[in-house]
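**Q** When you get a sec, could you give me coordinates for this:
(3 chains)
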Amino acid sequence: MPELPEVETVVRHLRHAVSGARIIGAWCDTPNILRGTSIAAFTRAIRGARIESVERRGKNILIGLSGDRLLLVHQKMTGHFLIGKWRIGMSSAGRSRAKTVVKDGPLTESVNQFIHLIFRLEDGRMLGLSDLRKFAKVLLGRREEILALPELRKLGPDPFDRRLTPGVLAARAGKGKRKIKQVLLDQNVIAGIGNIYGDDILWRARISPFRPANRVSAKGYAEILKQTRNILRRSIRLRGASVSDFRDPSGESGGYGPVRLAYQRHGTPCPRCGHMFERKTIGSRSAHFCPKCQK
DNA sequence: CGATTCCCCTGATAGC
DNA sequence: TGCTATCAGGGGAATC
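**A** Take a look at the predicted model:
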């Protein structure tokens, strides 16, 4: 699940690997990924574009293109970029999977049938978007137009923004009684936290995911913000978590998954107090927490 | 304004 | 062995 650390890993990788590269063509087999346009129109529009910058806004990737344009990519659940070379063809095995995307190499032919969008670069490399669940979103437009989209305009502050103080976080969380877990996952309150880091942050902060936001003290918000920064910083250093099938653009797994704290630890003892972690649903999303030491 | 539900999609898993 | 039902999950939309 690409959350802030995974997206940051991708952005840093792409910034080094493809800045300055020119896109000479595009291929796509899943029209739903390209919002508001057809595959043909998208391909036509992006051909010839030079990649000038790569930035992150919350979990969104913003790729700056020549002509004052922006390519917005949200990887959602299972999306991730891969850099390589592939051949697109039909499976010869005669199984239900018609398409194969084969790594173009003499020895290491690995198949990734989940690549649904490929940018061909002038230097011969390809930038592919793998997305098992096909939830990813790609939008191309004029810079101003993309930045004005509600999902970017309404986005809350980045967790590492110096202007984000515990007081600001508390104010943005509001005086309502939404559960704190839902508040942390609300991208318009604070940008970049998803289910993994939400659970880990609250465990470290010793706050129950069910606690209403209006019952979290100033000290509680200070602790939440501190743990948010600690945990996200640690995961960025480890190049993210590879739960579900996240990989960095070179295909490497991230290191945070094995050292995660609470997420998906239900049925195992809490390392702090020994009580069993539990798993319960909050707003159609699973929360993992220790009922004894998270209050 | 907030809470709830549905939807998108498909691999993994459980049940038969 | 193989079929079918169920579920997860980010985020947006629709509904109440």
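
**Q** From here on, just use CA atoms for contacts and neighbour counts.
**A** Noted.

**Q** who's in contact with residue A:185?
**A** A:193-195, A:198 (C-alpha atoms under 8 Å, 6 or more residues apart in numbering).

**Q** can those residues go into CSV with extra columns for neighbour count?
**A** Listed next are the contacts of residue A:185 as CSV, based on neighbours: other C-alpha atoms under 10 Å:
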residue, neighbour count
A:193, 25
A:194, 19
A:195, 20
A:198, 25
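
**Q** Now for those residues: which two are most distant?
**A** A:193 and A:195 (7.0 Å; C-alpha to C-alpha).

**Q** ok, for the residue of chain A found nearest DNA strand B, nearest residue in space, not its chain neighbours?
**A** For chain A and DNA strand B, the shortest gap (C-alpha to the nearest atom of the strand) falls at residue A:178, measuring 3.7 Å. Nearest non-adjacent residue to residue A:178, counting by C-alpha to C-alpha, 6 or more residues apart in numbering: residue A:212, 5.3 Å away.

**Q** how about the residues of chain A near DNA strand C?
**A** Residues of chain A lying close to DNA strand C (C-alpha under 7 Å from any atom of the strand) are A:1, A:59, A:76-77, A:133, A:135, A:151, A:185-187, A:192, A:194-196, A:285-286.

**Q** Let's see which of these end up in helices.
**A** A:151, A:185, A:195-196 (DSSP state H).

**Q** Which residue in those residues has the weakest pLDDT?
**A** Least confident of these in the model: residue A:151, at 88.

**Q** Filtering the contacts of residue A:185 by proximity to DNA strand B, which remain?
**A** Near DNA strand B, by the rule C-alpha under 7 Å from any atom of the strand, you find none of the contacts of residue A:185.

**Q** Could you say which helix or strand holds residue A:219?
**A** For residue A:219, the host element (DSSP states H and E) is helix A:218-237.

**Q** Not counting that helix itself, show me its contacts.
**A** A:4-6, A:8-9, A:159-160, A:165-167, A:169-170, A:197, A:200-202, A:204-205, A:207, A:241, A:255-256.

**Q** how long is stretch A:137-150 from one end to the other?
**A** End-to-end distance for stretch A:137-150: 14 Å, by C-alpha to C-alpha, to the nearest Å.

**Q** Am I right that residue A:243 is in contact with residue A:1?
**A** Yes. Using C-alpha atoms under 8 Å, residue A:243 makes contact with residue A:1 at a distance of 6.3 Å.

**Q** higher neighbour count, the two?
**A** More crowded of residue A:243 and residue A:1, by other C-alpha atoms under 10 Å: residue A:1, with 22 against 18.

**Q** pLDDT at residue A:233, what is it?
**A** For residue A:233, pLDDT reads 96.

**Q** And it, how far from residue A:290?
**A** For residue A:233, the distance to residue A:290 - C-alpha to C-alpha - is 23 Å.

**Q** Please identify which of those two sits among more neighbours.
**A** residue A:290 (28 against 16).

**Q** next one: phi and psi at residue A:82?
**A** As for residue A:82, its main-chain torsions (degrees, to the nearest 10) stand at phi -140, psi 140.

**Q** mind listing what it touches?
**A** A:127-130, A:247-251 are the contacts of residue A:82 under C-alpha under 8 Å, 6+ apart.

**Q** Dihedrals phi and psi, the residue nearest to residue A:178?
**A** The phi/psi pair for residue A:212 (degrees, to the nearest 10) is phi -60, psi 140.

**Q** neighbours around it, how many?
**A** Quick note: residue A:212 (other C-alpha under 10 Å) scores 17 neighbours.
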